[in-house]
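Enquirer: Predicted model and sequence follow; I will ask about them next.
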Amino acid sequence: MSGTTVTKAREYFDVMAGAFAKIDAGAIDQYAEVLFGAWKDGRTVFIFGNGGSAYNASHHVADYVKTAAVEGQPRLKAMSLSDNMGMLTAIGNDLSYDQTFSYPLESYAARGDVAVGISCSGNSPNLMRACEWAKKSGLTVVALTGFSGGKVKDLAHLHINVPSENYGVIEDLHMSVGHIAAQIMQGKIMSHAEAGGGR
């Protein structure tokens, strides 16, 4: 799927501002609540994506595990399925690229965990296959998308869409979603600890 491009920096900022204004902030709040629930229940959050979204997945994990950490409290169990190059290439070469996320997800995930798929188009076959398996297997599925959400939006319990056709803008704002969710989650963990809540 081809996306749009810009010719001036101000144009990029304007496109980003327009997309940012249309993101459902309430959906991001819900996402932070899903992450907090996973933390509270000791569940694991699996995040995955292709290309730039693979790096976004890794960055989200770093923020959820480290940035959102509260001293004296357990840390969220989160991992990026995009990080293991050996496994990705073995599955892609020996089985099929469509299984690069579903195969490790089937190996590690349990009912009640969270699967977060990041895709600009929302139509990546390997991401959709993982989300299909996750939904059937009792995981909470969250999709971060661009464009009009693609097919994966129908597989997700929670869908956060960046309504843009510029890949850079979509990826930048997906990164922002991760930063926002991490900060909200940290605040929830702090409040939970101050109230004497346990895990």
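Expert: Looks like it arrived, so ask away. Remember, it's a predicted structure, so these values are computed and weren't measured experimentally.

Enquirer: can we go C-alpha only for contacts and neighbour counts from here?
Expert: Noted.

Enquirer: What residues does the closest residue in space to T5 that isn't next to it in sequence make contact with?
Expert: Nearest non-adjacent residue to T5, counting by Cα to Cα, 6 or more residues apart in numbering: N166, 6.1 Å away. N166 makes contact with 3-5 under the criterion Cα atoms under 8 Å, 6 or more residues apart in numbering.

Enquirer: Could you rerun that using 10 Å?
Expert: The contact partners of N166, by Cα atoms under 10 Å, 6 or more residues apart in numbering, come to 2-6, 12, 15-16, 19, 120, 146-147.

Enquirer: So which of those residues wins on neighbours?
Expert: When neighbours are counted by other Cα atoms under 10 Å, C120 leads these with 32 neighbours.

Enquirer: The closest residue to it other than its chain neighbours and K77: what is the separation?
Expert: Excluding its sequence neighbours, the residue lying closest to C120 (Cα to Cα, 6+ apart) is G146, at 4.4 Å. Using Cα to Cα, to the nearest Å, we find G146 at a distance of 26 Å from K77.

Enquirer: just to revisit the earlier point, how much space separates the residue nearest to T5 from A27?
Expert: 21 Å.

Enquirer: Ok, L127 next?
Expert: 20 Å.

Enquirer: Verify the stated contact: S137 with G112.
Expert: Yes: if you go by Cα atoms under 10 Å, S137 and G112 touch, sitting 8.7 Å apart.

Enquirer: Which neighbouring elements make contact with the helix or strand containing W39?
Expert: W39 belongs to helix 25-41 when assigned by DSSP states H and E. For helix 25-41, the packing partners by 3 or more Cα pairs under 10 Å, 6 or more residues apart in numbering; DSSP states H and E come out as strand 44-49, strand 77-80, strand 114-119, strand 140-145, strand 158-161, helix 167-194.
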